[in-house]
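1. Fold the following for me, if possible:
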Amino acid sequence: MNELQQNLRLLRPVWRGLPLIALCTVAALALAGLYLRYATPLYESTAKIKLAEGNEGVVNTTLLKTQDVFSPDNRTAAEVELLKSPLLLDKALARLELGTTVYRLGQLRKTELYHDNPISVHMQLRTHRWEDAPFRLTVLSPQSVELTSPSGETVQGEFNSLLHLSEGDVVVEKNLPLLAGRSEFPLLDTYEVVHHSPARLQDAILSRLDITSVDKETPVLRITYRSAVPEKAADLVNALSQVYMEDYLETKYKVANTTVDLINKQLQTVGRNLAGSENSLAGYRDTKRIVNIGQQTDTDLHKVAELKVQRANLEMSLSAAEDVYRQMQAGHRNVLDLAPSFAAFNDNASSDIVRKMKDLQAERRDLLLRFTPEDEQVQSLDRKLADLNGHLLESIRSTRNTLAVKRQQLDQAIGQAEQVFTGLPGREKNLAILERNLQLNEKLYTFLHEKETEAQIARAAPSSSHRIIATGLVPQEPIAPNPVLIFTVAGFLGLIAGVVLVYVLDTARATPQDTLRLQRNTRLPLAAALPLLPEPAMQLAYFRQLVTRLELKGLLREGTKVVVSDFSGTEGQAFFFRHFSTALAEHGRRCRSITLHDRASLNPEALPNEVMLIRNLPLDADSHSLAVMAGADVNLVVVDSLRTPLTRLSELEQLMDEYNLPNVQCCLNRENYRPGFLACLWPRLAVAAPATRRGEVRAGAPATA
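-> Predicted structure coming up:
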């Protein structure tokens, strides 16, 4: 409950200051309306450009992809910077002719004229000192004008005539098509003319130009421009979009033409290199008699291998013949005894002789069964065998010689066949080099032919892969100032300002207000807290209870001198003194009441059987009041909850300590009385109230009206 009361106590200033808060809110809304009335509206127009995809259009083939190895992945950011570049801005501004701006001057603001400009001004300045500076132009009549330069130089002339100034020449012309179509359009007026420098004009355009990407993954650019003239905003975004598209096409054609010329030159050079490589390879093949070096090498290797096999077989036969011949020369006449040697020897003639000898030998063995070795038939067979043996020896010798000759021929053939492999690695290396050069030139020539075709297609393409998907429209409603937002913010700020002002005034007033605040700001005890008592019966009943409480506290014993004081005489001292003395009398106590008017007034001491009640002089009026308080037994100081500043309580404590004032206690008048702002203001405005009512205030009201 105490916490709830504390929160309500904090909100009480807001409740009392509701009229002030409402006044601040209304004032803020009025200022917002005044601002909206005279503020210059700002219009916004937007155009959108869709960028070409990586695989879209003939220009986006591999023509430039393989040539630009440092191309960034994020093309959108590069295109945004291109649109903001001075190159494109200069082209767009040249189309719109925004170098000179004309304003119509009013009493509170100036209005920029664009298509609704009744005059056109052409300036030729000889220095840069007057650039971006305002010229004042006054149309005096339908035929004459007056021009004032930024330095104060004034010249008068007529329309379409040259106005000479010290640093430039100016020609003012009428906008006859506009004036003819709108006869009511005002011409006689005061204008302001500004000739912009290119650098500052670009900075001014860029400050209101916003170029962003719709989405990180979507290659669409949004071009937005804000201007006080809706037509100007739409014209600028459309001009910038068109300039961007034309620059893109111009760059595309320029790149394509340059690429075609470069590729043609390279084709000629590469063609000559390719022809030279072909001739070199053909000449080398003719010189070295190379048809297919791999197949030729395989054939020669196979031939050498076959010759070596034949030579090995011939060596075996020759070795066997040598062995047989050597043995037969050594005395082995019997051929049959040499049969193992004939196993490795293969000769047709010798084989026939050996076969005949075997037959004769078999026949001899048969004869020996019937005849002796000396028989003629046996001797005849022996002679035949001897003849055959001689023939065999001669055949073996002839065969040996023939084999030796063949071996020599095979050795010569093998040597000739192996001569082919002499210098083969060098020939292979040279041939590989020539073939590699030929292949490189062929690939380069083919690649250049493909790129030439792509470049021809790109140069012949009549349109751009970029597209303007939304043109800038003339806006109908301004984006700024926003009336709803302005009024909302103004009302909120007015409400906050009113609340802050209420709390500031409440803090600046710094009065006790209630018992809790009084006790927090002073160490003086509280004798009584008087609430608002509008009725006389309520006043009498309360003061009767107050007398009883003070008696219980021992403050109203017989012989006590009670002094009632206040600071300025308007805190309710008279009301308290009058009703307190009445309550004492009705309570049956002997009481004597005295009112001090000045320092000469009687101030007696209290008798032992009575209570003396004295209405003291205000503490601000006369220092004699301190002497009265010093001689009292009980000092009751009346403090008003709305009129007495808290600083007076500190002063009272200092006075009590300095002058040893006895038993000083506070009586809070009009506790928890929270009148509204108008209720507090009205008494100050009613200056004609009777002065006699200043001392006669009812409980809970100040002594003055």
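
2. L162 and V237: what is the separation?
-> Note on L162: its distance to V237, by Cβ to Cβ, to the nearest Å, is 36 Å. All C-beta atoms are positioned from the backbone trio N, CA, C, and that covers glycine.

3. neighbour-wise, which of those two wins?
-> V237 (27 against 12; other Cβ atoms under 10 Å).

4. So which elements touch the helix or strand containing that one?
-> Secondary structure assignment for V237, by DSSP states H and E: helix 230-288. Packing partners of helix 230-288 (3 or more Cβ pairs under 8 Å, 6 or more residues apart in numbering; DSSP states H and E): strand 43-50, helix 62-65, helix 75-83, helix 86-96, strand 220-227, helix 424-460, strand 467-470.

5. what does the average pLDDT come to for the fourth one?
-> Model confidence over helix 86-96 averages 91 on the pLDDT scale.

6. Could you give the separation of that helix from the chain centroid?
-> Here helix 86-96 is found 26 Å from its chain centre; the criterion is Cα atoms, centre = their mean, to the nearest Å.

7. How about residues contacting that helix?
-> 82, 99, 198, 201-202, 205-206, 232, 235-236, 239-240, 242-244, 247 (Cβ atoms under 8 Å, 6 or more residues apart in numbering).

8. just to revisit the earlier point, format the helices and strands packed on helix 230-288 as TSV; extra columns: mean neighbour count and distance to N609.
-> Output for the helices and strands packed on helix 230-288, formatted as TSV (neighbours: other Cβ atoms under 10 Å; distance: least, Cβ to Cβ, whole Å):
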stretch	mean neighbour count	distance to N609
strand 43-50	20	94
helix 62-65	15	122
helix 75-83	15	103
helix 86-96	16	106
strand 220-227	20	93
helix 424-460	15	127
strand 467-470	14	105
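
9. Out of those, point me to the one whose mean pLDDT is lowest.
-> Note on the helices and strands packed on helix 230-288: helix 62-65 shows the lowest mean pLDDT, a mean of 48.

10. Next, the contact list for the nearest residue to F543 once chain neighbours are set aside, please.
-> Nearest non-adjacent residue to F543, counting by Cβ to Cβ, 6 or more residues apart in numbering: A583, 3.7 Å away. Going by Cβ under 8 Å, 6+ apart, A583 touches L540, F543, R544, L546, V547.

11. Check which helix or strand A583 maps to.
-> helix 573-586.

12. Could I get the full set of strands for the stretch 601-705 of the chain?
-> 611-615, 634-640, 664-669 (DSSP state E, counting those that start in this stretch).

13. distance of the closest residue to N603 other than its chain neighbours from L113?
-> With Cβ to Cβ, 6+ apart as the criterion, N603 has its nearest non-adjacent residue at 5.9 Å, and that residue is V628. Applying Cβ to Cβ, one obtains 82 Å for the distance of V628 from L113.

14. same check, this time on T372
-> Counting by Cβ to Cβ - T372 and L113 are separated by 164 Å.

15. These two: which is more packed in?
-> Higher neighbour count among T372 and L113: L113, with 18 against 8, using other Cβ under 10 Å.

16. so that one touches L105, yeah?
-> No: the criterion here is Cβ atoms under 8 Å, and L113 misses it with L105 at 10.8 Å.

17. Report the set of residues contacting both of those two.
-> Y191.

18. and the residue nearest to N603, how many residues sit next to it?
-> Around V628 there are 21 residues (other Cβ under 10 Å).

19. my read: it touches P604, true?
-> No: V628 is not in contact with P604 according to Cβ under 8 Å; the separation is 11.4 Å.

20. Does Q296 belong to a helix, a strand or coil?
-> helix (DSSP: H, G, I helix; E, B strand; the rest coil).

21. so how many other residues sit close to it?
-> Count around Q296 with other Cβ under 10 Å applied: 14.

22. who touches L209 in this structure?
-> K84, I223, T224, Y225, L236, L240.

23. Please name the bridge partners of it.
-> Y225 (DSSP bridges).

24. pLDDT score for Q329?
-> pLDDT at Q329 comes out at 69.

25. With G157 instead?
-> On pLDDT, G157 comes in at 93.

26. Hmm, L147 and it touching each other?
-> Yes: between G157 and L147 a contact is recorded at 7.5 Å, counting by Cβ under 8 Å.

27. any idea what the residue nearest in space to the middle of the chain is structurally, helix, strand or coil?
-> Nearest to the mean C-alpha position of the chain, by Cα atoms, centre = their mean, lies T212 at 10.1 Å. What three-state DSSP gives for T212 is strand.
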